[in-house]
Structures are given as structure tokens and as C-alpha cells.
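1. Provide a 3D model corresponding to the input given below.
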Amino acid sequence: MKKVVILIAMGLFTIGSSFAGSDPVLIEEISQKVTIDLSTITLDKYEKDFVLVQFKIYDGLIQIVKIEASQPELKYLIISELEEIHVKTPYSESEIHNFNFTFKKK
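-> Sure thing, here's the model as predicted:
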């Protein structure tokens, strides 16, 4: 367990600040609920790894419209995390939200 905590601390995980039209409440809610275990991922030493997600919210559940990632493993981790989230605040089902997860090695 101690190794997992150290690896998570070594791999800095931040949620990007380029949210085209996203609600700060939604950003905060997702930031609190997404926890990534980076113990199985080798992050790039020289560049930030990323996952860019476009999604809609239907009945509180996140439905991914488009997703791009620097590594397939990061993509699958983010997908599994987002599938588990139930968003409390109601949003228009036609609204597309953009989220940028960035990862860099410390």
C-alpha cells in the first residue's frame, strides 16, 4: 500500500484548466471523485501524458462522446473512473463537457 501512495505522489495527477464552457461545480465534483492508481503506468519522463474527454451527462451518468489519450492504459483508467461517477447536479443532456486530465512524472 505504501508503494501505491508513493507512486501516486511521484506521478503528479492534475485536472487541466482548459474547460471550454464547463461548470466549476462539475469540475470540482469530478476532481473529487476521480482517483487514479498510477502504480501500473510508466509516465513519460519528458512530456506530460494526457487524456482529453468530451462527454454528456444523462440522468447523472457520464456518457463519453470522444476520448483521446497519450497512452491506452491511461485512457482505460479514466474511462473506468468516469463510468463509476454519478453526477449530483443536473445538466442539459445536449451539452458537451470537455475535460483535460494531465499526468507528469516528478
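
2. quick one: Ser92 is in a strand?
-> No - secondary structure assignment (DSSP: H, G, I helix; E, B strand; the rest coil) places Ser92 in coil, not in a strand.

3. Is it correct that Phe103 falls within a strand?
-> Yes - looking at Phe103 with three-state DSSP, it is inside a strand.

4. Might one say that it is in contact with Asp49?
-> Yes - shown here, Phe103 and Asp49 form a contact pair, counting by CB atoms under 8 Å, at 4.2 Å. (Glycine included, C-beta is placed from N, CA and C.)

5. Quickly list what's touching both of those two.
-> Jointly contacting Phe103 and Asp49 under the rule CB atoms under 8 Å, 6 or more residues apart in numbering are Ile41, Leu43, Leu74.

6. these two touch, right, the first one and Pro72?
-> In other words, Ile41. No - using CB under 8 Å, Ile41 is not in contact with Pro72, being 10.4 Å away.

7. who has more neighbours, those two?
-> It is Ile41, of Ile41 and Pro72, that has more neighbours when counted by other CB atoms under 10 Å, with 16 against 8.

8. As TSV, the shared contacts of Phe103 and Asp49 with secondary structure and distance to Tyr58 would be great.
-> Below are the shared contacts of Phe103 and Asp49 laid out as TSV (DSSP: H, G, I helix; E, B strand; the rest coil; distance: CB to CB, whole Å):
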residue	secondary structure	distance to Tyr58
Ile41	coil	29
Leu43	coil	32
Leu74	helix	24
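
9. Turn the residues you listed into TSV, columns for pLDDT and distance to Leu82.
-> Shown next, in TSV, are the shared contacts of Phe103 and Asp49 (pLDDT from 0 to 100; distance: CB to CB, whole Å):
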residue	pLDDT	distance to Leu82
Ile41	86	17
Leu43	87	20
Leu74	93	12
